[in-house]
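Q: quick check, what structure comes out for this input:
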Amino acid sequence: MEIGCSSGFLIKDLVKAFPSSLVIGVDVVKKPLYKLAVDLPGIPLIRFDLLRCPLPDKIIDVLIMLNVLEHINNDVSALENAFALLKPGGILIIEVPAGPFLYDKYDSELYHFRRYSAHQLKHKLIEAGFEVVMISHLGFVLYPAFVVIKLLNKWLPANRKVSVVRDQASKTQKNLLVKWAIDFESKYFANVSLPWGIRVLSVVRRPY
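A: Numbering: from 1, shown residues only. Just a heads-up that it's a prediction; the model follows:
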């Protein structure tokens, strides 16, 4: 199950990678679910708020939450509900924006309540009952440049703050250097626990 499946890029990859598994998409917003239902007929799609989860406990083997938790005010309760969904031994793969000191107007525009340090995320996951299998970062190579951009965004006048990061985000989508950095990191650091990065990535387990 992917919570926060949005337009379904990952869901489509999961269906291809695990054709014999039941893949379920969940989002709190209904519009992308309607579109995804047309693109992927036969894939179960559910609309619900994780803080008011209507599903029974212990029904999911693997739960994926990418860029979701920062949008939820009561993140500990959300993690507790995610924990309840998993079968004993079930796995949660979670990714959140890193660097609390980098929180800026752009995060607010994206409806982020917060950014996380690895320590903060680990503490909240343990508080919810999980065993931490792995915690690392994504965007390790790009992080210094990202920090400069975010801090510049914080220091600029109010009428310039959001546009700087938005302009940068649009440019990076087609930036060959950014693509190289992502490919380099995937190739050489995939099995390394990285000390910093743009996002915190963790794999945790519900104990048996």
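Q: select the longest strand from the protein.
A: strand 86-97 (DSSP state E).
Q: quick one: low-confidence ranges for this protein?
A: 158-174 (pLDDT under 70).
Q: so N81 is in which element?
A: helix 75-85 (DSSP states H and E).
Q: list the buried residues of that helix.
A: D75, A78, L79, E80, N81, A82, F83, A84, L85 (16 or more other C-beta atoms under 10 Å). In short, each C-beta sits where N, CA and C put it, glycine included.
Q: enumerate every residue touching the closest residue to the fifth one other than its chain neighbours.
A: Think N81. Leaving aside its chain neighbours, N81 sits nearest to C53 (4.7 Å; criterion: C-beta to C-beta, 6 or more residues apart in numbering). Contacts for C53 (C-beta atoms under 8 Å, 6 or more residues apart in numbering) come out as N81, A84, L85.
Q: the closest residue to the second one other than its chain neighbours: how many residues sit nearby?
A: Counting by C-beta to C-beta, 6+ apart, D57 is the residue found nearest to A84 once chain neighbours are left out, at 4.6 Å. Using other C-beta atoms under 10 Å, D57 has 12 other residues around it.
Q: state the distance from D57 to K35.
A: Applying C-beta to C-beta, to the nearest Å, the value for D57 to K35 is 30 Å.
Q: what about the strands in this protein?
A: 2-3, 25-27, 45-47, 60-66, 86-97, 131-138, 199-205.
Q: counting by contacts, list what the longest strand of the chain packs against.
A: strand 60-66, helix 118-127, strand 199-205 (3 or more C-beta pairs under 8 Å, 6 or more residues apart in numbering; DSSP states H and E).
Q: most neighbours per residue, which of the ones you listed?
A: Counting by mean count of other C-beta atoms under 10 Å, strand 199-205 has the highest mean neighbour count of those, with a mean of 21.
Q: could I have that one exported to CSV, CA atoms only?
A: In CSV, the C-alpha atoms belonging to strand 199-205 read as follows (Å, rounded to 0.1, in the frame of the first residue of the first chain):
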residue,chain,number,x,y,z
ARG,A,199,15.5,14.1,2.4
VAL,A,200,15.5,11.6,5.2
LEU,A,201,14.8,8.0,4.2
SER,A,202,14.0,5.3,6.6
VAL,A,203,13.0,1.6,6.6
VAL,A,204,11.3,0.4,9.8
ARG,A,205,9.5,-2.8,10.9
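Q: check which helices and strands it sits against.
A: So strand 199-205, by 3+ C-beta pairs under 8 Å, 6+ apart, packs with strand 86-97, helix 118-127, strand 131-138.
Q: sheet partners, orientation included, of that strand?
A: strand 86-97 (antiparallel), strand 131-138 (antiparallel) (DSSP bridges).
Q: list the buried residues of the longest one.
A: When neighbours are counted by 16+ other C-beta under 10 Å, the buried residues of strand 86-97 are found to be L86, G90, I91, L92, I93, I94, E95, V96, P97.
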